[in-house]
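J.: from the sequence below, what's the structure:
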Amino acid sequence: MKKIIYYLFLLLPMVFFGQEIIHGLVINKRTQEPIYDALVRVDKKNTATLTDFEGKYELKATLNDTLVISSVGMKTQKVKVNRQEMNFELEEIKLEEKYGPSNDFKYKVLEARTPINTKDIENADNPKYNFKKNAQRNIFIIFVSELTSYDLNNEDLEFQQKYNVKYSLIGSYKIDYLTKYNKLTFKHLKKKYNKSWLRKIRKDAVGLEKE
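T.: Presented below is the predicted three-dimensional model:
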């Protein structure tokens, strides 16, 4: 009986990892704070997601797939999938590493994004709060349902540049959050560009059918 249980235990990972939801947390190694909007993707596959305001992510992967984790100002990591929960600590890219030595400073760090505070975490599921914060930094996001990576075509890139917006993966956000957030972005576009953007926007933009 013990032998049977032992062999079943050995076979469990093989059964479990047909294709499962891998989840975890991405944080800054130095500050131990969560990293928002970090890209977590499966290498050589069209599967990717972004971390939420708490640094959390989830996506489908199989055993021995390689996850690539990256964020602005941080060193990219590549790690093979070996369990369902996988957490990552990204190291900051020091300016000396990227641009070479400087006499004016030593070990100044490229900050990836505006620091996340307690209020940000408390409002992680509040689309109005997050839209307003991003808008203050002139960042306007449109969540699209069929985007699985950031390999955008020329039409998408031209749209982003012309209307100063960024297409984004839906990540782990709920449909209600995505719809309300996009509605605020659409309202901004209407106010600034009238309806010219409606002819060129991706048709899989969440909530677009209501416009």
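
J.: for the strand ranked longest in the chain, which helices and strands make contact with it?
T.: Criterion DSSP state E: the longest strand present in the chain is strand 20-28. On a contact count with 3 or more C-beta pairs under 8 Å, 6 or more residues apart in numbering; DSSP states H and E, strand 20-28 meets strand 56-61, strand 88-90. Every C-beta, even on glycine, is put in place using the N, C-alpha and C of the backbone.

J.: let me know the angle separating that strand from strand 56-61.
T.: For strand 20-28 against strand 56-61, the angle by axes from the mean of the first three to the mean of the last three C-alpha atoms, to 10 degrees is 140 degrees.

J.: how far out from the middle of the chain is strand 20-28?
T.: 11 Å (C-alpha atoms, centre = their mean, to the nearest Å).

J.: what mean pLDDT does it have?
T.: Averaging pLDDT along strand 20-28 gives 91.

J.: could you count how many residues lie near Lys128?
T.: Using other C-beta atoms under 10 Å, the number of residues around Lys128 comes to 12.

J.: need the pLDDT of it.
T.: Lys128 is given a pLDDT of 95.

J.: before we move on, what about Asn64?
T.: 86.

J.: so how far is Glu58 from it?
T.: Per C-beta to C-beta, to the nearest Å, Asn64 is found 19 Å from Glu58.

J.: quick one: contacts for Lys60?
T.: 19-22, 42, 47 (C-beta atoms under 8 Å, 6 or more residues apart in numbering).

J.: run the last query once more with 10 Å
T.: Neighbour list for Lys60: 19-22, 42, 45, 47, 49 [criterion: C-beta atoms under 10 Å, 6 or more residues apart in numbering].

J.: beta partners for it?
T.: Note on Lys60: beta-bridge partners by DSSP bridges are Ile21.

J.: for Lys195, see how far away it is.
T.: On the measure of C-beta to C-beta, Lys60 and Lys195 end up 37 Å apart.

J.: what of Tyr36?
T.: For Tyr36, the distance to Lys195 - C-beta to C-beta - is 32 Å.

J.: where's the residue nearest the centre of the chain relative to Arg41, distance?
T.: Nearest residue to the geometric centre of the chain (C-alpha atoms, centre = their mean): Leu50, 1.5 Å. In this view, Leu50 and Arg41 are 10 Å apart by C-beta to C-beta.
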